[in-house]
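Peer 1: A predicted structure for the sequence below; I have some questions about it.
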Amino acid sequence: MRTFLCLGCGEVFNESIANENNLIGYEAGGAQYACPRVTCHCVTVEVDDFLVSVIRNLNNLGMNTLACCSGHLSESMSENRGCIDTYIMMSRKIWGEYIPDEVLEELSNSLPEGFSMSADYYGEPRFTIRKHVDCDDLGDAMMAIADNCASLYDWTNNELQGFIDHYFPEGPEYYPLWVEDDDDETPLYCNCGRTSEGYYCEEDCSCDGVGSACVDCEEDCSGCLNSVDLDEV
């Protein structure tokens, strides 16, 4: 059964949400669907079971994940040999702040053993962390997938948390994940920065692709999921 994770509220859903009525658009990681929670207006994406907790942690820490794979078994496993590739692609921003080269290098140095990082640009600056493992048989491959994902989970809870606390101390207080109603603290929208067409806000938008300013620039972010009617807030 396929597993879907909301990048805003962090709820996990089954494949029943993957239908045309919920479809928002497509990103590097595939189709995006509207979160079924009525109080959440963020996107839900398919995530490998082994990486659900990792992807949730990354987004909770202000990192915008774009695509991932725990390391699917290759066809050559039937011949008792093959390899697995575990990777996560992310936007080059933390809490909406661009990650400069020297800071990105520090982030790379904090990765779990065996993981490497590559940066590129495709519509926006992004980077990918990856670990390739050659395996002798199916059992080795399954163990490698589990070990890779476990090490990433530990990394998000320890080294990465410390890194973000050091370099981006403002955190969600400066770039709030939710805009809340003063009366009942009901989340009104998530500032993941994605739009209803599955793209990011325009470069000249005052929210800088983060979405936290979308309530103040509806003209620039008219298609942004983060836009709300100020009269209703």
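Peer 2: Right, received. Where do you want to start? Everything quoted here is computed from the prediction, not taken from an experiment.

Peer 1: which helices and strands sit right next to the longest strand that the chain contains?
Peer 2: Here the longest strand in the chain is taken by residue count, with DSSP state E as the criterion, and it is strand 82-94. Contact analysis of strand 82-94 by 3 or more Cβ pairs under 8 Å, 6 or more residues apart in numbering; DSSP states H and E lists helix 52-60, strand 63-69, strand 125-135, helix 138-157 as its packing neighbours. To be clear about C-beta, it is placed using only N, CA and C from the backbone, and glycine gets the same treatment.

Peer 1: go again with 6 Å.
Peer 2: Judged by 3 or more Cβ pairs under 6 Å, 6 or more residues apart in numbering; DSSP states H and E, strand 82-94 is in contact with strand 63-69, strand 125-135, helix 138-157.

Peer 1: adding mean pLDDT, distance to Glu106 and mean neighbour count, write these out as CSV.
Peer 2: CSV is the format used below for the helices and strands packed on strand 82-94 (pLDDT from 0 to 100; distance: least, Cβ to Cβ, whole Å; neighbours: other Cβ atoms under 10 Å):
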stretch, mean pLDDT, distance to Glu106, mean neighbour count
strand 63-69, 92, 15, 21
strand 125-135, 92, 13, 18
helix 138-157, 93, 14, 18
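
Peer 1: and of those, who's closest to Asn57?
Peer 2: helix 138-157 (3.9 Å; Cβ to Cβ).

Peer 1: who's in contact with Asp48?
Peer 2: For Asp48, the set of contacting residues under the criterion of Cβ atoms under 6 Å, 6 or more residues apart in numbering consists of Ser70.

Peer 1: go through stretch 48-60 and flag the buried ones.
Peer 2: With burial defined by 16 or more other Cβ atoms under 10 Å, the residues of stretch 48-60 counted as buried are Asp48, Phe50, Leu51, Val52, Ser53, Val54, Ile55, Arg56, Asn57, Leu58, Asn59.

Peer 1: can you check stretch 7-22 too?
Peer 2: By neighbour count on 16+ other Cβ under 10 Å, the buried set for stretch 7-22 is Leu7, Gly8, Cys9, Gly10, Phe13, Ile17, Ala18, Asn22.

Peer 1: tell me how far the ends of that stretch are from each other?
Peer 2: Using Cα to Cα, to the nearest Å, the gap from the first to the last residue of stretch 7-22 comes to 15 Å.

Peer 1: so Asn59 is in contact with Gly8, correct?
Peer 2: No: in this structure Asn59 lies outside contact range of Gly8 using Cβ atoms under 6 Å: 7.7 Å.
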